[in-house]
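Trainee: sequence and predicted structure are below.
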Protein chains: 2
Amino acid sequence: MVTIKDVAKHAGVSVATVSRVLNNNGYVGTETRKNVMAAIEELNYSPNEVARSLYKRGSRLIGLLLPDITNPFFPQLARGVEDEAGRQGFRLLLGNSDEDIEKEMDYIQTFVQNNVVGMITATNHVDYDMYQSLDLPLVLLDRTSSSYPAVYADGREGGRLAAETLIKKGAQRVTLVKGPAHVKPAVDRYRGAMEVLGEADVDFSVMSTTSYAFEEALNWAEELFQKFPETDGIIASNDIVGIAIIHEALKRGKNIPEELQIIGYDDIPQSRLSYPPLTTIRQPAYEMGRKAAELLIQRIGQPQQEHRSIQMPVELIERHTTRKDDQE
Amino acid sequence: MVTIKDVAKHAGVSVATVSRVLNNNGYVGTETRKNVMAAIEELNYSPNEVARSLYKRGSRLIGLLLPDITNPFFPQLARGVEDEAGRQGFRLLLGNSDEDIEKEMDYIQTFVQNNVVGMITATNHVDYDMYQSLDLPLVLLDRTSSSYPAVYADGREGGRLAAETLIKKGAQRVTLVKGPAHVKPAVDRYRGAMEVLGEADVDFSVMSTTSYAFEEALNWAEELFQKFPETDGIIASNDIVGIAIIHEALKRGKNIPEELQIIGYDDIPQSRLSYPPLTTIRQPAYEMGRKAAELLIQRIGQPQQEHRSIQMPVELIERHTTRKDDQE
DNA sequence: TTGAAAGCGATACCAG
DNA sequence: CTGGTATCGCTTTCAA
């Protein structure tokens, strides 16, 4: 490994000087700088971030804590974070929590031990001690809290929009699939949808699901049709469940969207691939990730600043699991 | 921040002693150990990994370089790596290369600068200088090379299996969708399939695709039916394309699997969600990730050891885009 | 404009 | 069994 010492020796200067040209601060003569640069080049030197981090008590690393990268909504968030962070010279330490507090604490601890300069987390546990006592710039992603800056989509509005759409398009017996109670954005959507359903002249039912796990999606879909065979409009808890519902509906010979309309949530990339392609409420996941990184890095610069959250707009993506217009 | 010094002071011993109990080596009196433990507990101390890493010239970090986590095959790989690494006390630095050499080099550099102890990469560029000159345990994931240990699935066999299946099930005019030429596993599959097709009594065509990008999938599907409207059996380059093909076929009123059989590749989680659910060749992605981590960590322990690669078996998952049996 | 040296938080060697 | 101290690679005073 080539160190700053080697460079210094090679250039015939002190390490202090090398450090100065490396960081572009302090005075350094033009000639000297040129020599040092040459030495760096020749030796193919790049500074040890660990040593740097130790002295500065801060690395160029950001901790990213996600529930489960295997759930298709999160890779997009992650990519957004990574791309923006990367552009600004930061790298990512990644952790999947599975919404499990133990794992979450574990990751947070190692993030801290590794001197991350900030952290982006999609957690439902912000109110726990570990977060309170965390002395790090933090931004919440896809979650909210009054205590921290956050980047999230307007879940309530999303829920409303989904319900309004279905009603406007003439659904009479709506089924609302409720996501897991411990997942905040899921309950926001649920509430939004409920508001609208409560005010409308339609019958509706609610079906609870307790997980977002992939393997379960088809089971939920099956259960749904067993319990509510007469439904003609379904608000799915997310796109995965929505796609599973399409599957099950087709299997049962239902016509989509004539007999049964379905609306999803998230607009994951594969939603346009289903047949018929899924109408859904879009969350701008990639953009959310980007913004979160932006916000965090900004806070890393000025930690004292009052914090601000960003609510991203949600959008109806009309595809073919809903009817073109009201066809009562 | 509480340091080893604080603990030492609190426990009335030297830092050396604290270090000993921390690392469980050297002699330490029972009483002393107890005191130190107590101090650690009380101060809620946890050692600074950065300092440790600096001295030891090695962290507890592993670099994971993937083409694009947004492509549904990779999250599973990543989860496998993370879970196994985590179990053994390692954390992940994540990078997406987009198969771009610049980005790849950038990530590798920062991985090194951060003292990662090893690296897992799904790259097509192993033969570049940067890898040759890399003095780090390295394992390839989903790629192969004679120079490094690797964990990969048997692409050739997978391709063969796909083609054999389609033929056995009575396809007469097969279309083989060829993945991007610069992606190694894609060409392995292609070759495998070609071997079988060449030996069989069926007509077949090859359609080239130049990217695995999500947004393109539907375009490839459309192009396929324009170019080869008469095909009755399609070997997709991966499940995403397979699902897009189902979409397009249904849109064109084709009966699956009676008129048209389709077989995918990868067995990503959403493949069972399509309707009809996609028959596919399964790569055990999660398990591959796990094995890669296992292999790497093993090598970190004994770097000199002769390296060994692991080829994972590939498996036909029969769902409903192929016929039950030969129905010529 | 430059260099010497202290220090970041840990580990491990050497004495005692 | 325990403590003092050099060391890891870098940054940043302080003096010259």
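Mentor: Now that the structure is in, tell me what you want to look at. Residues are numbered from 1 along each chain as shown, chains lettered A, B, ... in the order given.
Trainee: for the stretch 201-328 of chain A, give me the ranges with low pLDDT.
Mentor: A:326-328 (pLDDT under 70).
Trainee: point me to the residue of the stretch 151-300 of chain A nearest DNA strand C.
Mentor: Of the residues in the stretch 151-300 of chain A, the one nearest DNA strand C is residue A:300, at a distance of 18.4 Å by Cβ to the nearest atom of the strand. In this view, the C-beta of every residue, glycine as well, is placed from N, C-alpha and C.
Trainee: from memory residue A:81 sits against residue A:294, does it?
Mentor: No. Counting by Cβ atoms under 8 Å, residue A:81 sits too far from residue A:294 to count as a contact (9.6 Å).
Trainee: so which of these two has more stuff around it?
Mentor: Between residue A:81 and residue A:294, counted using other Cβ atoms under 10 Å in any protein chain shown, residue A:81 has the larger neighbour count: 29 against 19.
Trainee: name the helix or strand for the residue nearest to that one when sequence neighbours are not counted, please.
Mentor: Nearest residue to residue A:81, sequence neighbours excluded (Cβ to Cβ, 6 or more residues apart in numbering or on different chains): residue A:289, at 4.1 Å. Applying DSSP states H and E as the criterion places residue A:289 in helix A:285-301.
Trainee: ok, and for that helix, which residues are buried?
Mentor: A:285-300 (16 or more other Cβ atoms under 10 Å in any protein chain shown).
Trainee: and stretch A:190-207, by the same measure?
Mentor: Residues of stretch A:190-207 classed as buried by neighbour count (16+ other Cβ under 10 Å): A:190, A:192, A:193, A:194, A:196, A:197, A:200, A:202, A:204, A:207.
Trainee: quick one: residues contacting the fifth one.
Mentor: Taking Cβ atoms under 8 Å, 6 or more residues apart in numbering or on different chains as the criterion, residue A:196 is in contact with A:159, A:160, A:163, A:164, A:167.
Trainee: which secondary structure elements does the strand or helix carrying residue A:311 contact?
Mentor: Residue A:311 is part of strand A:310-312 when elements are defined by DSSP H and E. Applying 3 or more Cβ pairs under 8 Å, 6 or more residues apart in numbering or on different chains; DSSP states H and E, one finds that strand A:310-312 makes contact with strand A:150-153, helix A:285-301.
Trainee: contact partners of the last one?
Mentor: With Cβ under 8 Å, 6+ apart as the test, helix A:285-301 has contacts from A:62, A:73-74, A:76-85, A:88, A:90, A:117-120, A:137-142, A:149, A:151-153, A:266, A:268, A:305, A:307-308, A:310, A:312.
Trainee: with the shortest one instead?
Mentor: When contacts are taken as Cβ under 8 Å, 6+ apart, the neighbours of strand A:150-153 outside the stretch itself are A:139-144, A:185, A:283-284, A:288, A:291-292, A:295, A:309-314.
Trainee: direction included, what does that strand pair up with?
Mentor: strand A:138-141 (parallel), strand A:310-312 (parallel) (DSSP bridges).
Trainee: of all those, which one comes closest to residue A:173?
Mentor: strand A:310-312 (32.0 Å; Cβ to Cβ).
Trainee: what does the stretch 151-300 of chain A put close to chain B?
Mentor: A:214-215, A:217-218, A:240, A:243-244, A:246-247, A:250-251, A:269-270, A:272-275, A:277 (Cβ under 8 Å from any Cβ of the partner chain).
Trainee: now narrow these to whatever sits close to DNA strand C.
Mentor: When contact is defined as Cβ under 7 Å from any atom of the strand, those do not meet DNA strand C at all.
Trainee: and those residues, which of them are buried?
Mentor: Here, 16+ other Cβ under 10 Å leaves A:214, A:217-218, A:240, A:243-244, A:246-247, A:250-251, A:269-270, A:272-275, A:277 buried among these.
Trainee: now, those residues that are in strands?
Mentor: Among these, no member falls in strands (DSSP state E).
Trainee: helix or strand: which one has the closest residue in space to residue A:209 that isn't next to it in sequence?
Mentor: Nearest residue to residue A:209, sequence neighbours excluded (Cβ to Cβ, 6+ apart): residue A:220, at 5.0 Å. In this assignment (DSSP H and E), residue A:220 forms part of helix A:217-227.
Trainee: what element comes up after that helix heading to the C-terminus?
Mentor: strand A:233-235.
Trainee: off-centre distance for that next one?
Mentor: 25 Å (Cα atoms, centre = their mean, to the nearest Å).
Trainee: packing partners for it?
Mentor: helix A:155-168, strand A:173-178, strand A:261-266.
Trainee: okay, angle between the first one and strand A:173-178 too, please.
Mentor: Put simply, helix A:155-168 runs at 160 degrees to strand A:173-178, going by axes from the mean of the first three to the mean of the last three Cα atoms, to 10 degrees.
Trainee: any buried residues in helix A:155-168, and which?
Mentor: A:155-167.
Trainee: from the middle of its chain, how far away would that helix be?
Mentor: The chain centre lies 22 Å from the centre of helix A:155-168; the measure is Cα atoms, centre = their mean.
Trainee: and the angle from that helix to strand A:261-266?
Mentor: 170 degrees.
Trainee: please name the nearest non-neighbouring residue to residue A:188.
Mentor: Per Cβ to Cβ, 6+ apart, closest to residue A:188 is residue A:155, 3.0 Å.
Trainee: ditto for residue A:233
Mentor: That would be residue A:171: by Cβ to Cβ, 6+ apart, it lies 2.6 Å from residue A:233.
Trainee: the helices in the stretch 1-150 of chain A, which residues?
Mentor: Taking DSSP state H, counting those that start in this stretch as the test, the helices found in the stretch 1-150 of chain A are A:4-11, A:15-23, A:30-43, A:49-56, A:74-87, A:101-113, A:129-132.
Trainee: can you tell me which of those is most buried?
Mentor: Comparing the helices of the stretch 1-150 of chain A by mean neighbour count (mean count of other Cβ atoms under 10 Å in any protein chain shown), helix A:74-87 ranks first with a mean of 22.
Trainee: how close does the residue nearest the centre of chain A get to residue B:79?
Mentor: By Cα atoms, centre = their mean, the mean C-alpha position of chain A lies nearest to residue A:77, the distance being 3.7 Å. Relative to residue B:79, residue A:77 is positioned 15 Å away (Cβ to Cβ, to the nearest Å).
Trainee: now do the same contact list for whichever residue of the stretch 101-250 of chain A sits closest to DNA strand D.
Mentor: Nearest to DNA strand D, among the residues of the stretch 101-250 of chain A, is residue A:115, at 11.8 Å (Cβ to the nearest atom of the strand). Going by Cβ under 8 Å, 6+ apart, residue A:115 touches A:53, A:54, A:57, A:58, A:59, A:61, B:48, B:49, B:50.
Trainee: if we check DNA strand C, which of the residues you listed are in contact?
Mentor: For DNA strand C, the contacts drawn from the contacts of residue A:115 by Cβ under 7 Å from any atom of the strand are A:54, A:57, B:48.
Trainee: closest one of these to residue B:227?
Mentor: The closest of these, once distances to residue B:227 are taken by Cβ to Cβ, is residue A:54, at 59.7 Å.
Trainee: between the strands paired with strand A:150-153, which gets nearest to residue B:35?
Mentor: Of the strands paired with strand A:150-153, nearest to residue B:35 by Cβ to Cβ is strand A:138-141, at 34.7 Å.
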